[in-house]
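Visitor: sequence unknown, structure follows:
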């Protein structure tokens, strides 16, 4: 994944991908405009002992995902404290939304740096704001105590690129694909039945075995399924099974966009690797705050590396928003094991 800030209408070129020697693969990628927010907690202790000859103090550096480096700066002038943000280092000017709050204890916070959108170059500071202005005269901030705890936020709109591992190219034998699709539709010489949701779908053992290692093992001569000539497909809608069969016969899933989740489950269950890879990329393209944890748990349950990485990276960048969704709360109760793994993956990079 690559991240760059958006600034001044400039178009940043995406990172170059290495040339492929073979033309039997295709690449996939996503470009998004995303608001990425960094929250930095800064504790200043011993404020009452502020040295008279010290005008400014700065926090330790903190780095935004777009690689810009920041500090919070507290200044004292005529016994008045002021706060600002310092862009210590950045290759390009950065347009950022800045704000800060002071924790008062008991969960209460007071906004001491109202939201401000400004463009800074490396080494520049944002306009200072008086900490005392956020407090009425009867509630002087000096009574907060000898430690000040600031929550500083830096939000930047970034261009985010994701590139995915090479996908197998779509099967490029249109006549053969058409003929096999017609065979499935006509059901001539069908000798096997897939049952899903009370619906019978006829198919051909030879095609199923040729396309899926799982079906190949299932349809060995002495197996129950081979003798009874049917299998029950649990947990999937008949429409999904029919679309998966279309893919197995023709090499194309025309309803991939609408059925990506179900097709991914089928592809994982019956070891259709190309279809599974296509489903992962399709779902990764559509990641949002509302569906990120759903796709992440789906990826964990079905061993989807590409989708798992993309969804975990997305959740990490939008952690608080995702944790506030209904899907997150549902996952806590319905799939705590997957959510625990997702939380561990998020923590590995924090």
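Guide: That came through, no problem. In this text the structure is predicted, and so the values were computed from the model without any measurement.
Visitor: any chance you could map the helices in the chain?
Guide: 174-186, 205-211, 213-218, 224-228, 238-250, 256-269, 273-285, 292-301, 305-317, 319-323, 326-334, 336-349 (DSSP state H).
Visitor: Among those helices, which comes closest to residue 128?
Guide: helix 319-323 (27.3 Å; C-beta to C-beta). Where C-beta positions appear, they are placed from N, C-alpha and C, glycine not excepted.
Visitor: Report all helices and strands that the closest one contacts.
Guide: Packing partners of helix 319-323 (3 or more C-beta pairs under 8 Å, 6 or more residues apart in numbering; DSSP states H and E): none among the helices and strands.
Visitor: May I see the buried residues of it?
Guide: Applying a neighbour-count criterion of 16 or more other C-beta atoms under 10 Å, one finds 321, 322 buried in helix 319-323.
Visitor: ok, and what's touching it?
Guide: 289, 292, 293, 314, 315, 328, 346 (C-beta atoms under 8 Å, 6 or more residues apart in numbering).
Visitor: Report the contact partners of residue 180.
Guide: By C-beta under 8 Å, 6+ apart, the neighbours of residue 180 are 207, 249, 250.
Visitor: For the helices of the chain, please prepare CSV with the additional fields mean pLDDT.
Guide: As requested, the helices of the chain are exported to CSV (pLDDT from 0 to 100):
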stretch, mean pLDDT
helix 174-186, 79
helix 205-211, 93
helix 213-218, 94
helix 224-228, 91
helix 238-250, 93
helix 256-269, 95
helix 273-285, 93
helix 292-301, 95
helix 305-317, 92
helix 319-323, 91
helix 326-334, 92
helix 336-349, 88
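Visitor: Return the set of buried residues in stretch 306-322.
Guide: Buried-residue list, stretch 306-322, by 16+ other C-beta under 10 Å: 306-318, 321-322.
Visitor: which two in the residues you listed are spaced the farthest apart?
Guide: 306 and 321 (22.7 Å).
Visitor: what's the burial count for residue 230?
Guide: Residue 230 has 14 neighbours, counted by other C-beta atoms under 10 Å.
Visitor: circling back: can you say which of the helices of the chain is nearest to residue 111?
Guide: Of the helices of the chain, nearest to residue 111 by C-beta to C-beta is helix 319-323, at 17.3 Å.
Visitor: In TSV: the helices of the chain, plus distance to residue 152.
Guide: Output for the helices of the chain, formatted as TSV (distance: least, C-beta to C-beta, whole Å):
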stretch	distance to residue 152
helix 174-186	57
helix 205-211	55
helix 213-218	53
helix 224-228	62
helix 238-250	48
helix 256-269	39
helix 273-285	32
helix 292-301	25
helix 305-317	18
helix 319-323	15
helix 326-334	25
helix 336-349	21
